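K.L.:
compute the structure for the input listed below.
(2 chains)
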Amino acid sequence: MSLSAVSSTSVARILILESRAAETQRVESELKHAEAGCECRHAWTLAGLRDVLDGFEPDLVIAGELPPPFTALDALRELQERCPAAAFILVAGAADEGYALACMRAGAQEYVLDDNVPELLQVVRRTLASRVTDPEIRVVGLVQAAKLESIKRLAAGVAHEVKNPLTVVVLGVEYLRKHLPAGVHEAQEVLDDMDAAAQRANQVIQGLLDFSSPCAAHREECGLDEIIDRALGVLERNLSTCEIRVEKRLPANMPRMALDAGRIEQAFVHVFRNAIQAMDRGGVLTITAGVQPMGPPAAGDRSAGSPVCEESAVLVQIEDTGSGIPEAILARIFEPFFSTQHTGHGTGLGLTLTKKIVDLHGGLIRVRNREGRGVRVSLLLPVGKIAP
Amino acid sequence: MMANTVRNGDIPRPRRILIIDDDVPLSRLFRLRLQDAAGYEVRVENSGLAGLASVAEFEPDLIVLDVVMPGMSGREVAAVLGADPVLRKIPILFVTAFAPDGPPDSWDAKLDGHPRFIKPFGIAKVVAAIDAMTAGPPGGS
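P.N.:
Numbering: from 1, shown residues only, chains lettered A, B, ... in the order given. Now for the predicted structure:
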């Protein structure tokens, strides 16, 4: 949808928070050039922001570099109080992805890395489009939500009905394996294949059930390192078949976390599996992690290491060297049943489930193309409260 | 009542397992596998009511109970058994195709206080659970 279509009744009002005048001008002219005139204002201090808001109600706020001690999070808080309907987009440096995710957790809609103006324009367009108040479009949204609810009910019903026959297959294979005369190797292989097929079918069904059921996180004290190792273990064969080298660089002082270990492992399996499928001719899977404050860093003190506390989070970044994700597809990757895999290789639920699991933990997930090559998945997971 | 009935002296007998599940082919294979894998004496009933009627006569050491069944559900069967001061002592293992809440599968997953397994399952897991739940000589103390 174009900016002009979004603002057919009124022009989009955009507030740019940026201390570099040249950058402000560049973004503003690009915005105005991108399809339609929009009304822009700027500010770079808290006082300036308050002045602007006295006479201007923005639809969208873009926050770039700000002079300390004024931070994007300060701006976000002011806006949430004064102008809660405004969408907030953060432009952050690549090294600041954790900070960007913290802003998202505080209520920002999106972030863009590295002053990537084309991406910023896309995100602006997408954000404005999602905020349209046109009643007709709202109805479309409701119909889609109702459809999704029907799909969930259908999925749960089908999954339930399929599990009984699957049990017959699994137990039947066990029975035949035991009663088959020894030495019939081919028949044993057929049974192995049947067993594997039944397990695969069960995974699909279980995915549908996980997708359609509301679930709660059963948190327990655990270490992320072990969870990641278990997830890699599940995919060991795929990794070696595709000749993928795994580089895992986790700091030694990782905190113990309060997570639903089983579900988080499942989330990593989905993310790793996507990476493997993107590198079916070999590549490198890099996993890095670091602790960082979950909330806003102290004003003007972003570089100083904050002590690990309940509000800490772990930022895990998973990078592949595959072909990347076309921009048009990137916006849809969390949609249920959206898959670019060939039949039999994916249900289109992997990332939907991953997001559901991450949301369940109060975390955030972002998927971006890396500059050059491949995809980076960033997962921000709160350390959580560990029961004494 | 029956659970207190004196057994045939000290002659050991295999554990008795009652399967109550409305899926006929599933419960048939389930019975075959339990007999195969652990030598249990297994009886199958395909409805909650028939299952309840069987309990008195068969005197099972453990009941494997499907949750979703037409008519009387597995949870209702368990509630009836739970209300009887004697029958409530018979351990129940729920098996279900659908667990909307709780972890997808784990040893400590419970439904109404009874362990529950999610279909499909291999027999080894079920046998291990039955052995753990019916520890001690068959027939109970």
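K.L.:
now whatever helix or strand A:Leu148 lives in, how far from the chain's geometric center?
P.N.:
With secondary structure defined by DSSP states H and E, A:Leu148 is part of helix A:135-179. For helix A:135-179, the distance between its averaged C-alpha position and the chain's averaged C-alpha position is 24 Å (CA atoms, centre = their mean, to the nearest Å).
K.L.:
how about stretch B:75-83?
P.N.:
In terms of CA atoms, centre = their mean, the gap separating the centre of stretch B:75-83 from the centre of its chain is 12 Å.
K.L.:
now it - C-alpha only, PDB.
P.N.:
Taking Å, rounded to 0.1, in the frame of the first residue of the first chain, the C-alpha atoms of stretch B:75-83 are listed here in PDB:
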ATOM      1  CA  ARG B  75     -12.200 -38.200  33.300                       C
ATOM      2  CA  GLU B  76     -15.700 -39.200  34.300                       C
ATOM      3  CA  VAL B  77     -14.700 -42.800  34.600                       C
ATOM      4  CA  ALA B  78     -11.800 -41.700  36.800                       C
ATOM      5  CA  ALA B  79     -14.100 -39.600  38.900                       C
ATOM      6  CA  VAL B  80     -16.500 -42.500  39.500                       C
ATOM      7  CA  LEU B  81     -13.600 -44.700  40.500                       C
ATOM      8  CA  GLY B  82     -12.200 -41.900  42.700                       C
ATOM      9  CA  ALA B  83     -15.400 -41.700  44.600                       C
END
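K.L.:
related to what we said a few turns ago, can you name every helix or strand that the helix holding A:Leu148 contacts?
P.N.:
In terms of contact count using 3 or more CB pairs under 8 Å, 6 or more residues apart in numbering or on different chains; DSSP states H and E, helix A:135-179 is assigned the packing partners helix A:185-212, helix B:24-38. C-beta here means a position set from N, CA and C on the backbone, and glycine is covered the same way.
K.L.:
make it 10 Å
P.N.:
Identification of packing neighbours for helix A:135-179 by 3 or more CB pairs under 10 Å, 6 or more residues apart in numbering or on different chains; DSSP states H and E yields helix A:117-130, helix A:185-212, helix B:24-38, strand B:92-96, helix B:123-133.
K.L.:
near chain B at all, the second one?
P.N.:
Yes. Using CB under 10 Å from any CB of the partner chain, helix A:185-212 comes into contact with chain B via A:195, A:198-199, A:201-202, A:205-206, A:209-210, A:212.
K.L.:
what's the burial count for the residue in chain B positioned nearest to chain A?
P.N.:
Here chain B gets closest to chain A at one residue, B:Ala97, 3.5 Å apart by CB to the nearest CB. Taking other CB atoms under 10 Å in any protein chain shown as the criterion, the count of residues near B:Ala97 is 23.
K.L.:
contacting residues around the closest residue in space to it that isn't next to it in sequence?
P.N.:
Nearest residue to B:Ala97 in three dimensions, chain neighbours excluded: A:Lys163, at 3.5 Å (CB to CB, 6 or more residues apart in numbering or on different chains). By CB atoms under 10 Å, 6 or more residues apart in numbering or on different chains, the residues touching A:Lys163 are A:201-202, A:205-206, A:209, B:23, B:26, B:96-98, B:118-120.
K.L.:
so B:Ala38 touches B:Leu62, yeah?
P.N.:
No. In terms of CB atoms under 10 Å, B:Ala38 does not count as a neighbour of B:Leu62; the distance is 11.3 Å.
K.L.:
looking at the two, which is more packed in?
P.N.:
Neighbours were counted for B:Ala38 and for B:Leu62 using other CB under 10 Å; B:Leu62 has more, 21 against 18.
K.L.:
coming back round to it: okay, the residues of helix A:185-212 next to chain B in a markdown table with neighbour count and pLDDT next?
P.N.:
As requested, the residues of helix A:185-212 next to chain B are exported to a markdown table (neighbours: other CB atoms under 10 Å in any protein chain shown; pLDDT from 0 to 100):
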| residue | neighbour count | pLDDT |
| --- | --- | --- |
| A:Asp195 | 17 | 90 |
| A:Ala198 | 20 | 89 |
| A:Gln199 | 14 | 85 |
| A:Ala201 | 17 | 86 |
| A:Asn202 | 20 | 84 |
| A:Ile205 | 23 | 82 |
| A:Gln206 | 17 | 78 |
| A:Leu209 | 23 | 78 |
| A:Asp210 | 19 | 76 |
| A:Ser212 | 21 | 75 |
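K.L.:
what does the pLDDT read for A:Thr45?
P.N.:
As predicted, A:Thr45 sits at a pLDDT of 89.
K.L.:
tell me, how many neighbours does it end up with?
P.N.:
For A:Thr45, using other CB under 10 Å, the count is 15.
K.L.:
that older thread, so for the helix holding A:Leu148, mean pLDDT?
P.N.:
Helix A:135-179 comes out at a mean pLDDT of 80.
K.L.:
tell me the angle of it relative to helix B:24-38?
P.N.:
In terms of direction (axes from the mean of the first three to the mean of the last three CA atoms, to 10 degrees), helix A:135-179 departs from helix B:24-38 by 40 degrees.
K.L.:
helix A:135-179 vs strand B:92-96, what angle?
P.N.:
Using the same axes, to 10 degrees, the inter-axis angle of helix A:135-179 relative to strand B:92-96 is 120 degrees.
K.L.:
quick one: list the elements packing against the strand or helix carrying A:Leu73.
P.N.:
A:Leu73 is located in helix A:72-82, with elements delineated by DSSP H and E. Identification of packing neighbours for helix A:72-82 by 3+ CB pairs under 10 Å, 6+ apart yields strand A:13-17, helix A:46-55, strand A:60-63, strand A:87-92, helix A:97-106.
K.L.:
count the residues that sit near whichever residue of the stretch 201-350 of chain A sits closest to chain B.
P.N.:
Taking CB to the nearest CB, chain B has its nearest neighbour within the stretch 201-350 of chain A at A:Ser213, 4.6 Å off. In terms of burial, A:Ser213 registers 17 neighbours under the definition other CB under 10 Å.
K.L.:
verify the stated contact: it with A:Ala159.
P.N.:
Yes. Applying CB under 10 Å as the test, A:Ser213 and A:Ala159 come out as touching, 9.4 Å apart.
K.L.:
quick check: closest non-adjacent residue to A:Val358.
P.N.:
In this structure, A:Val358 finds its nearest non-sequential neighbour in A:Ile365, 4.6 Å apart by CB to CB, 6+ apart.
K.L.:
which elements pack onto the lowest-mean-pLDDT helix or strand in chain B?
P.N.:
Lowest mean confidence among the helices and strands of chain B (mean pLDDT, DSSP states H and E): strand B:110-111, at a mean of 82. Under the contact definition 3+ CB pairs under 10 Å, 6+ apart, strand B:110-111 sits against helix B:74-83, strand B:92-96.
K.L.:
mind checking the SS state of B:Pro120?
P.N.:
State at B:Pro120, reduced to three classes by DSSP: H, G, I helix; E, B strand; the rest coil: coil.
K.L.:
and it, how far from A:Lys385?
P.N.:
According to CB to CB, to the nearest Å, B:Pro120 and A:Lys385 sit 36 Å apart.
K.L.:
how about A:Tyr99?
P.N.:
Where A:Lys385 is concerned, A:Tyr99 sits at a distance of 23 Å (CB to CB).
K.L.:
between these two, which is the more surrounded one?
P.N.:
Taking other CB under 10 Å, A:Tyr99 and A:Lys385 do not tie; A:Tyr99 has more neighbours (22 against 9).
K.L.:
let me know the pLDDT of the residue nearest to the more buried one when sequence neighbours are not counted.
P.N.:
Counting by CB to CB, 6+ apart, A:Ala92 is the residue found nearest to A:Tyr99 once chain neighbours are left out, at 6.2 Å. Per-residue confidence (pLDDT) for A:Ala92: 82.
K.L.:
count of neighbours near B:Phe30?
P.N.:
25.
K.L.:
how about the contacts made by it?
P.N.:
The contact partners of B:Phe30, by CB under 10 Å, 6+ apart, come to A:167-168, A:171, B:17, B:19, B:21, B:23, B:42, B:44, B:64, B:66, B:95, B:121, B:123, B:126.
K.L.:
check A:Gly233 too.
P.N.:
Contacts here follow CB under 10 Å, 6+ apart; on that basis A:Gly233 touches A:239, A:265, A:269.
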